[in-house]
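Colleague: Provided below for reference: sequence and predicted model.
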Amino acid sequence: MLKQYPTLRFILQRGGWYLLTFFVAVVINFALPRFGSDPVDIIMGMNSGGDPATQLAKKVSFLKEFGLAKLDDKGEVMLDAEGQPVKKGLAEQFFTYIGKTLQGDLGTSFQKYPKKVTDVMGDAIPWTIALQLPTIILGWIVGNLLGALAAYKRGTFDRVFFPLALLFSAIPFFVFGMLLVYFFAVQWSIFPAVGGFAADIVPGFTIDFFASAAYHYVLPFLSIFLISAGGQAIGMRSMGIYELGTDYIKYAKWLGVKETRILLYVFRNAMLPQLTGLALALGGMVGGALITEMIFSYPGLGMAMLTAIQFNDYPVIQGVTLVITTCVLIANFTVDILVAFLDPRVKAGLQMGGN
Amino acid sequence: MKLLRNLLKSPMFVIGAGLFFGTLLLALVGPLFADMSLDRVAESYAPPGDGLLLGADNLGRNYVALLLHGLRNSLYVGFLAGIVATTFGTLVGIYGGFKGGLIDDLLSVTTNLFIVIPQLILLILISASMQEGRSLTLIALIIGATGWTWSARAVRAQSSALKSRDHIALARINGDGTFAILLKHILPYLASYVFMVFIIQVASGILSEAAISMIGIGPLDTQSLGIILNDAKANGALGDGIWWGIFPATILITTIAFSLYLINTSMEGVFNPRLRRE
């Protein structure tokens, strides 16, 4: 099938693979929160204030919305003899969940009732993307350039640079974030400690707003950027040293090929495994960056999740985890395809009909 | 022994191992010398001095005692999580890589499925659903159970490269079963590699526990370096510039992670001579 279009075949294959992973992620998202507790019990046990009758009505509407309780013919939640709702079986709950998720309905927030989970996340997602996407990409590029330079130069530069890069990659994201806040925000008052923009500014397409957002961007950016650059630099350095010792480089040197040209070869060949490495490290980076958001109270998904965790707001927790997993999967898929287009070895493999 | 001699020649290893055993010693011997009680002994955020080497936290508890408890617990979680993740990952990887065929395919598919789902997300989903009963041991087991994937992948590659070696064929002719071969003829070749994986898993276990504790869904009713940091941040130590609430714990966490990374990197250098300094 599609033998004459190896690239398309590859993309479809990988796409199918990630679709399967996505499905597993949805199943996990359904199953894991049920490990320690039953969502029906959580909803029934909630104390939202008000008189018992309105509380019960609110709880019943939650059960109905999340498809956790059985419905009667009229589409109302079935109540047993004691006036308590009748639970749906696990399998039935699961299919309702899948159905709703695929329609993009992630339910209503417990805490911010009646706000939909998708709306809670809609406010947060632009901030997270604005913070994480450029930071991770820039960290990758700068880290790799420095790593390649260290591999090539060795000597003093490497002796100073390498332990430093190692130290940066070992500092946990949240620790580094806290140190930055302590020094730059609290002690020296150079940058603001928390938030995505000043409290007295209304978000909108105004110069004031963007200036304030940029000002608040610096510390979270630095904290993610330096750590991801450090991690990438270490990987690139090892790859670079490895490539520099290969026969083709020795041969090129022996032929008298210019140094810059050799560096280019090394960089090109070492870059591809690094790109694959990026795909693997992405999950960890995104996780770390989420915690960075929490440290800086940055109004993104990490902060939304932290608030949700504090209020046991399961629909939001589940929604955020699903969206983040999906984004990581999409990013991985993109990197996979990129590698296939850039790496002549993978390309050759494709054309020979392998995968 | 030759390996150890080579390692000791690497300054990176010496520094890494020194730092790590230093913190280990602190965790083991510290309680013999310090007062480990967590009662209120001073006012809220009392600064260092007056017999309190590192001051007191917001509840007036001695930071030295808190940090020692926290360090011990963090190391315990790290080691337990590391052992679980490495053992499970190694078993899956070594078996799949050696067996090949359908079993290998199944194991690889499972590994690759879970490798792309961020571990932190899994940890959050599980921990947040458990309102009670989150003990240190349980958290460590959960971290181990969600972190095994990449060690399985790494070990599988090594194991599958070994399977066509002559001595494996000889062992087969000799009548050894699969598990005997895995244990006697493959594992020894991978021992140093598995050890490196273990080191990274310990570091990652400590950092993972600290990360979920920072979010407030770590172990309950106990101390860990992450919990100390979370308490300090939640109770205003960061905003008020209470450095003794933040620095000691951050330094301890970073030192442990950094020293383990140093050990790992220096071992990589010894096993892969090209990385050694010329």
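Modeller: Right, received. Where do you want to start?
Colleague: Show me the shaky parts of the chain.
Modeller: No chain was given, so I picked chain A. A:1-3, A:36-37, A:45-50, A:73, A:75, A:81, A:83, A:345-355 (pLDDT under 70).
Colleague: nope, chain B please
Modeller: B:1, B:272-278.
Colleague: biggest helix in it by residues?
Modeller: helix B:63-99 (DSSP state H).
Colleague: Excluding chain neighbours, what is closest to residue 104?
Modeller: No chain in the question, so chain A it is. Spatial nearest neighbour of A:Gly104, chain neighbours left out: A:Thr118 (6.7 Å); criterion: CB to CB, 6 or more residues apart in numbering or on different chains. For glycine as for every other residue, the C-beta is placed from the backbone atoms N, C-alpha and C.
Colleague: Not quite, go with chain B.
Modeller: B:Asp104's closest residue in space is B:Gly96 (CB to CB, 6+ apart), at 4.2 Å.
Colleague: Relative to B:Leu262, how far out is the one you found?
Modeller: For B:Gly96, the distance to B:Leu262 (CB to CB, to the nearest Å) stands at 31 Å.
Colleague: Now name the helix or strand holding the most centrally placed residue in chain A.
Modeller: Centroid-nearest residue in chain A: A:Val286, 3.7 Å away (criterion: CA atoms, centre = their mean). Here A:Val286 sits within helix A:259-295, counting by DSSP states H and E.
Colleague: That helix - contacts with which helices or strands?
Modeller: Judged by 3 or more CB pairs under 8 Å, 6 or more residues apart in numbering or on different chains; DSSP states H and E, the packing partners of helix A:259-295 are helix A:117-153, helix A:173-180, helix A:207-244, helix A:247-255, helix A:301-310, helix A:314-342, helix B:119-129, helix B:187-215.
Colleague: Which residues belonging to that helix are considered buried?
Modeller: Using 16 or more other CB atoms under 10 Å in any protein chain shown as the test for burial, helix A:259-295 gives A:262-263, A:265-267, A:269-279, A:281-295.
Colleague: got the angle for that helix vs helix A:207-244?
Modeller: In terms of direction (axes from the mean of the first three to the mean of the last three CA atoms, to 10 degrees), helix A:259-295 departs from helix A:207-244 by 130 degrees.
Colleague: before we move on, the earlier item: quick check: which of the helices and strands packed on helix A:259-295 is nearest to A:Val26?
Modeller: helix A:314-342 (6.9 Å; CB to CB).
Colleague: do that closest one and chain B meet?
Modeller: Yes. Helix A:314-342 reaches chain B (CB under 8 Å from any CB of the partner chain) through A:Tyr314, A:Ile317, A:Gln318, A:Thr321, A:Ile324, A:Thr325, A:Val328, A:Leu329, A:Asn332.
Colleague: what's the second one in contact with, if anything?
Modeller: By CB atoms under 8 Å, 6 or more residues apart in numbering or on different chains, the residues touching A:Ile317 are A:Pro33, A:Met305, A:Ala308, A:Ile309, B:Ile124, B:Leu125, B:Ala128.
Colleague: how close does it sit to A:Gly196?
Modeller: 21 Å.
Colleague: among the helices and strands packed on helix A:259-295, which is nearest B:Trp148?
Modeller: The nearest among the helices and strands packed on helix A:259-295, by CB to CB, is helix B:187-215 at 8.3 Å.
Colleague: so B:Leu75 touches B:Leu24, yeah?
Modeller: Yes. Judged on CB atoms under 8 Å, B:Leu75 makes contact with B:Leu24 at a distance of 7.0 Å.
Colleague: between these two, who's got more neighbours?
Modeller: B:Leu75 (23 against 15; other CB atoms under 10 Å in any protein chain shown).
Colleague: Skipping adjacent residues, who's closest to the more buried one in space?
Modeller: Per CB to CB, 6+ apart, closest to B:Leu75 is B:Ala27, 5.5 Å.
Colleague: Which helix or which strand is home to that neighbour?
Modeller: Short version: B:Ala27 belongs to helix B:11-33, going by DSSP H and E.
Colleague: related to what we said a few turns ago, show me what the longest helix of chain B is packed up against.
Modeller: Helix B:63-99 packs on helix B:11-33, helix B:101-115, helix B:136-147, helix B:149-162, helix B:178-181, helix B:187-215, helix B:225-234, helix B:243-271, going by 3+ CB pairs under 8 Å, 6+ apart.
Colleague: Looking at those, which one is packed in the most?
Modeller: helix B:225-234 (a mean of 24; mean count of other CB atoms under 10 Å in any protein chain shown).
Colleague: picking that back up, return the residues in contact with the residue nearest to A:Gly104.
Modeller: A:Gly104, A:Asp105, A:Leu106, A:Gly319.
Colleague: Relative to B:Ala27, how far out is the closest residue to B:Ala46 other than its chain neighbours?
Modeller: Excluding its sequence neighbours, the residue lying closest to B:Ala46 (CB to CB, 6+ apart) is B:Ala56, at 4.2 Å. B:Ala56 sits 21 Å away from B:Ala27, going by CB to CB.
Colleague: residues contacting B:Ile253?
Modeller: Per CB under 8 Å, 6+ apart, neighbours of B:Ile253: A:Pro172, A:Val175, B:Ser74, B:Ile206, B:Leu207, B:Ala210, B:Leu225, B:Gly226, B:Leu229.
Colleague: Mind doing that once more with 6 Å?
Modeller: B:Ile253 makes contacts with A:Val175, B:Ala210, B:Leu225, as judged by CB atoms under 6 Å, 6 or more residues apart in numbering or on different chains.
Colleague: Does B:Ser160 touch B:Gly96 like I think?
Modeller: No. Applying CB atoms under 6 Å, one finds B:Ser160 not in contact with B:Gly96, separated by 8.0 Å.
Colleague: Which residue is the nearest non-sequential neighbour of B:Leu229?
Modeller: B:Ala249 (5.1 Å).
Colleague: try B:Thr110
Modeller: Here the residue nearest B:Thr110, using CB to CB, 6+ apart, is B:Val92, at 8.0 Å.
Colleague: Verify the stated contact: that neighbour with B:Leu107.
Modeller: Yes. At 5.4 Å, B:Val92 counts as touching B:Leu107 under the criterion of CB under 6 Å.
Colleague: returning to what we had before: the residue nearest to B:Leu229 and B:Ile228 touch, don't they?
Modeller: Yes. In this structure B:Ala249 lies within contact range of B:Ile228 using CB under 6 Å: 4.7 Å.
Colleague: Enumerate every residue touching B:Leu262.
Modeller: Counting by CB under 6 Å, 6+ apart, B:Leu262 has contacts B:Met12, B:Ile15, B:Gly16.
Colleague: how close does the nearest residue to the last one once chain neighbours are set aside sit to B:Ile228?
Modeller: Meaning B:Gly16. Leaving out its chain neighbours, the residue that sits closest to B:Gly16 by CB to CB, 6+ apart is B:Leu262, at 2.8 Å. B:Leu262 is 24 Å from B:Ile228, where distance means CB to CB.
Colleague: Let me know the closest of the contacts of B:Leu262 to chain A.
Modeller: Closest approach to chain A among these (CB to the nearest CB): B:Met12, at 7.5 Å.
Colleague: And the residue nearest to B:Leu75, how close does it get to chain A?
Modeller: Here B:Ala27 is placed at a distance of 18 Å from chain A (CB to the nearest CB, to the nearest Å).
Colleague: To what extent is the closest residue to chain B within the stretch 51-200 of chain A buried, counted in neighbours?
Modeller: For the stretch 51-200 of chain A and chain B, the shortest gap (CB to the nearest CB) falls at A:Ala170, measuring 3.9 Å. Using other CB under 10 Å, the number of residues around A:Ala170 comes to 24.
Colleague: is it true that it touches B:Ala257?
Modeller: Yes. Applying CB under 6 Å, one finds A:Ala170 in contact with B:Ala257, separated by 4.3 Å.
Colleague: how far away is the residue of chain B most remote from its centre from B:Phe88?
Modeller: Here chain B reaches farthest from its C-alpha mean at B:Ile173, the gap being 40.0 Å by CA atoms, centre = their mean. According to CB to CB, B:Ile173 stands 31 Å off from B:Phe88.
Colleague: Relative to the whole chain's centre, how far out is stretch B:65-78?
Modeller: From the chain centre to the centre of stretch B:65-78 is a distance of 13 Å (CA atoms, centre = their mean, to the nearest Å).
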